[in-house]
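Q: no sequence on this one, just coordinates:
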């Protein structure tokens, strides 16, 4: 890909689901995550994502990026964690990194995307994407807050049926796999890879946390269209 291509900074990058989507949309991708991610398919910095972003801003190196994507940890607000903690009587004490992430992204001066799952995370739901929009075999709803740019929301199609597996003692079949957890009819690693279009990692935990690249491919293309229209 030419060095003149747009470049995205992929913060809290995980194993690269978001990054791969931007790559498919024609972006150069640089990732950052606090964990070791040997399967991440692009240039990678291991470290605290907010510290790294702060250093890029202070040094001026942030200027080499066209867009910043951030997927801060969601345990404080995601519906699955909140529901599990409540049912088990757990405290669920998790740090919410959405607000400090947004503050630094605003300071960067760049257009940005903040991604979170359904739940109590305090972000604007400028976009809500799900696998059915892209004919995937996984639903995996995700919300996106867009900073310094906008795009029309796509229509959310009706789901074609159930997520297959056991739910509350009932076994159901359906066109979607459960790409999280283990047991109870949850998806196998090969099923998750096929359902989400992820081939570069076979680590179960990484797959359960990843977003399908189709989401950020759509977002990346939408951003380029919006930028082109803004300068037309």
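A: Everything's here; your move. Just so you know, these numbers come straight off a predicted model, no measurement behind them.

Q: drop to CA atoms for contacts and neighbour counts, all remaining ones
A: Fine.

Q: lowest average confidence, helix or strand, in this protein?
A: helix 79-88 (a mean of 38; mean pLDDT, DSSP states H and E).

Q: Tell me the helix or strand right after that helix.
A: Remark: after helix 79-88, the chain's next helix or strand is helix 98-108, criterion DSSP states H and E.

Q: buried set for that next one?
A: 98, 101, 102, 105, 108 (16 or more other C-alpha atoms under 10 Å).

Q: now swap in stretch 189-204 and tell me
A: Going by neighbour count (16+ other C-alpha under 10 Å), the buried part of stretch 189-204 is 189, 191, 192, 193, 195, 196, 197, 198, 201, 204.

Q: residues contacting residue 186?
A: 164, 165, 177, 178, 179, 180 (C-alpha atoms under 8 Å, 6 or more residues apart in numbering).

Q: and the gap between the fifth one and residue 136?
A: Right, residue 179. For residue 179, the distance to residue 136 (C-alpha to C-alpha, to the nearest Å) stands at 12 Å.

Q: These two: who's more crowded?
A: Between residue 179 and residue 136, counting by other C-alpha atoms under 10 Å, residue 179 is the more crowded of the two (26 against 19).

Q: pretty sure the more buried one is in a strand, no?
A: No: counting by DSSP: H, G, I helix; E, B strand; the rest coil, residue 179 is located in no strand; its state is coil.

Q: That one touches residue 192, doesn't it?
A: Yes: Residue 179 lies in contact with residue 192 (C-alpha atoms under 8 Å); the separation is 5.7 Å.

Q: Report the set of residues contacting both of the two.
A: 207, 208.

Q: low-scoring stretches of the chain, by residue?
A: The chain contains residues with pLDDT under 70 at 75-94.

Q: Quick check: of the contacts of residue 186, which lies closest to residue 4?
A: Distance to residue 4 across the contacts of residue 186 (C-alpha to C-alpha) is lowest for residue 179, with 36.2 Å.

Q: any idea how far residue 62 is from the closest one?
A: 34 Å.

Q: again with residue 111
A: 12 Å.

Q: Please enumerate the strands of the chain.
A: 7-11, 28-33, 43-46, 67-70, 112-117, 127-129, 142-147, 165-167, 170-172 (DSSP state E).

Q: Mind listing what's buried along the lengthiest helix in the chain?
A: Counting residues, the longest helix found in the chain (DSSP state H) is helix 213-230. Across helix 213-230, burial judged by 16+ other C-alpha under 10 Å covers 213-224, 226.

Q: ok, back up a step: make CSV out of the buried residues of stretch 189-204 and add distance to residue 53.
A: Output for those, formatted as CSV (distance: C-alpha to C-alpha, whole Å):
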residue, distance to residue 53
189, 32
191, 35
192, 31
193, 30
195, 32
196, 28
197, 29
198, 27
201, 26
204, 28
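
Q: From these, pick the one nearest residue 124.
A: The closest of these, once distances to residue 124 are taken by C-alpha to C-alpha, is residue 196, at 24.8 Å.

Q: With adjacent residues omitted, what lies nearest to the closest one?
A: With sequence-adjacent residues excluded and distances taken as C-alpha to C-alpha, 6 or more residues apart in numbering, residue 196 is closest to residue 212, at 4.8 Å.
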